[in-house]
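> from the sequence below, what's the structure:
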Amino acid sequence: MTTLADLRKSYECAELDEDASHADPLQQFSQWLDEAIKAAVPEPNAMTLATVGSDLRPSTRVVLIKGLDARGIVWYTNYDSRKGQELAGNPYAALQFHWVELERLVRIEGIVEKVESEQSDAYFHSRPLDSRIGAWASPQSQVISSRAMLVANAARYGAQFLLQPPRPPHWGGYRLKPDSWQFWQGRKSRLHDRLRYSAEGPRGWKRERLAP
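Below is the predicted model of the structure:
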């Protein structure tokens with residue numbers, strides 16, 4: 001019988017060379033994200049978000065990237081959730097993308113801010129109706145008595161708002177403004193390629209190779 005200690009894989013899909021990588025980490029990330037989408041990997045836009053609360057205990061969850069530009073990486077959520085409360089007290093966070101089929105990881109660190117209200121409004125109204133109702137129905141991260149309560153909440157808000165639910169005041173976008181990126185490409189014999197980009201000045205980046 002195979003044990004956990006026996007599980008291993010040789011990574012041999014690709015390589016990550018300094019000369020072939022972009023000097024700007026945003027360009028490198030955009031290329032890799034595009035390649036993940038074209039490769040039809042499951043949920044290429046899924047990323048793990050790590051935050052730290054006032055108790056200094058880290059927590060993680062999976063969210064979906066919904067925007068990307070020179071200002072940073074955007075996702076949307078309930079501001080009253082655990083992650084929202086933790087970001088309110090400590091705005092520093094980390095993201096990780098793991099594209100298993102491509103044997104690639106991207107790690108991103110930086111400070112988080114809320115996106116502009118107009119941007120949150122625009123994205124909220126682009127969502128399917130049931131998702132917009134769900135944003136009202138779910139008191140995210142809070143203890144609830146049963147699933148029936150969620151269903152009842154959805155029915156109540158659906159009847160109240162019909163086809164035009166407004167964006168809840170407790171729901172909107174966050175933007176992580178990166179000051180550090182790491183790109184990891186699996187390689188044979190565990191001699192993986194690992195490049196780190198660190199912010200250097202207002203617009204520059206320092207690229208370094210890290211030991212795996």
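> number of nearby residues for R82?
By other Cβ atoms under 10 Å, 15 other residues sit near R82. (Each C-beta comes from the backbone N, C-alpha and C, glycine too.)
> residues contacting it?
Contact analysis of R82 by Cβ atoms under 8 Å, 6 or more residues apart in numbering lists T51, G53, S59, S141.
> counting neighbours, which of those residues comes out on top?
T51 (22 neighbours).
> where does that one land in three-state SS?
Taken by DSSP: H, G, I helix; E, B strand; the rest coil, the conformation at T51 corresponds to strand.
> tell me the contacts of the closest residue to it other than its chain neighbours?
Leaving aside its sequence neighbours, T51 sits nearest to E86 (Cβ to Cβ, 6 or more residues apart in numbering; 4.1 Å). The neighbours of E86, taking Cβ under 8 Å, 6+ apart as the test, are T51, V52, G53, S54, S59.
> nearest to Q96 among the contacts of R82?
The shortest approach to Q96 among these belongs to T51, at 12.6 Å (Cβ to Cβ).
> please name the bridge partners of that closest one.
Beta bridges link T51 to S59 when assigned by DSSP bridges.
> hang on, the residue nearest to T51 in a strand?
No - assigned with three-state DSSP, E86 falls outside any strand and is helix.
> report the beta-bridge partners for the residue nearest to the spatial centre of the chain.
Nearest to the geometric centre of the chain sits M47, at 3.6 Å (Cα atoms, centre = their mean). On the basis of DSSP bridges, M47 is bridged to V63.
> dump the residue contacts of it.
For M47, the contact set (Cβ under 8 Å, 6+ apart) comprises V62, V63, L64, I65, I73, W75, L95, Q96, F97.
> and the helices in the chain, which stretches?
Secondary structure of the chain (DSSP state H): helices located at 25-38, 82-89, 117-126, 129-137, 147-161.
> R194: neighbour count?
Number of residues near R194 (other Cβ under 10 Å) recorded here: 18.
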